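**Q** pasting the sequence and the predicted coordinates here, then a few questions.
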Amino acid sequence: MELNPIQNTPIQGLQTTRPTAKPQHALEQVSQTFQEALDALSQSQHNSDELMQKLVIGEDVELHQVMIAAEQTDVNFRVAVAIRDKLVEAYREIMRMAV
């Protein structure tokens with residue numbers, strides 16, 4: 001009779017837990033995420049401005065493309081403001097905590 005060694009195989013549906021992130025690492029992740037959102041907003045704004053300028057000077061650009069770009073910029077801006085508001089609210093809540 002042959003004995004096979006026990007293998008360490010993960011069970012489906014069971015996830016392993018990771019150690020919690022260090023506060024500095026978590027802060028860097030939040031900072032990086034917010035920076036990416038601001039970069040996307042900046043790029044969206046630049047694209048929208050460029051399309052509007054082309055429309056104004058009479059270049060061949062579709063009106064619906066200009067409107068879609070403007071709405072995308074508006075949505076990106078609202079998301080960035082909402083993120084900022086949540087960060088400020090979290091900061092204020094932390095500052096109210098008793099040490």
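**A** Okay, I see it.

**Q** quick one, strands of this structure?
**A** Counting by DSSP state E, the chain forms no strands at all.

**Q** in it, where is pLDDT below threshold?
**A** 1-22 (pLDDT under 70).

**Q** where exactly do the helices run in it?
**A** Along the chain, the stretches classed as helices by DSSP state H are 23-57, 63-96.

**Q** tell me which residues in the longest one are buried?
**A** Taking 16 or more other C-beta atoms under 10 Å as the neighbour-count basis, helix 23-57 is seen to contain the buried residues 41, 44-45, 48, 51, 55. Every C-beta, even on glycine, is put in place using the N, C-alpha and C of the backbone.

**Q** out of the residues you listed, the closest to residue 80 would be?
**A** Checking the buried residues of helix 23-57 against residue 80 with C-beta to C-beta, the nearest one is residue 41 at 5.1 Å.

**Q** what's the separation between that closest one and residue 93?
**A** Distance of residue 41 to residue 93, given as C-beta to C-beta, to the nearest Å: 25 Å.

**Q** do residue 87 as well
**A** 11 Å.

**Q** ok, the two, which is more surrounded?
**A** residue 87 (13 against 9; other C-beta atoms under 10 Å).

**Q** residue contacts, the more buried one?
**A** The contact partners of residue 87, taken as C-beta atoms under 8 Å, 6 or more residues apart in numbering, are 30, 34.

**Q** same check on residue 37?
**A** Applying C-beta under 8 Å, 6+ apart, the residues contacting residue 37 are 76, 79-80, 83.
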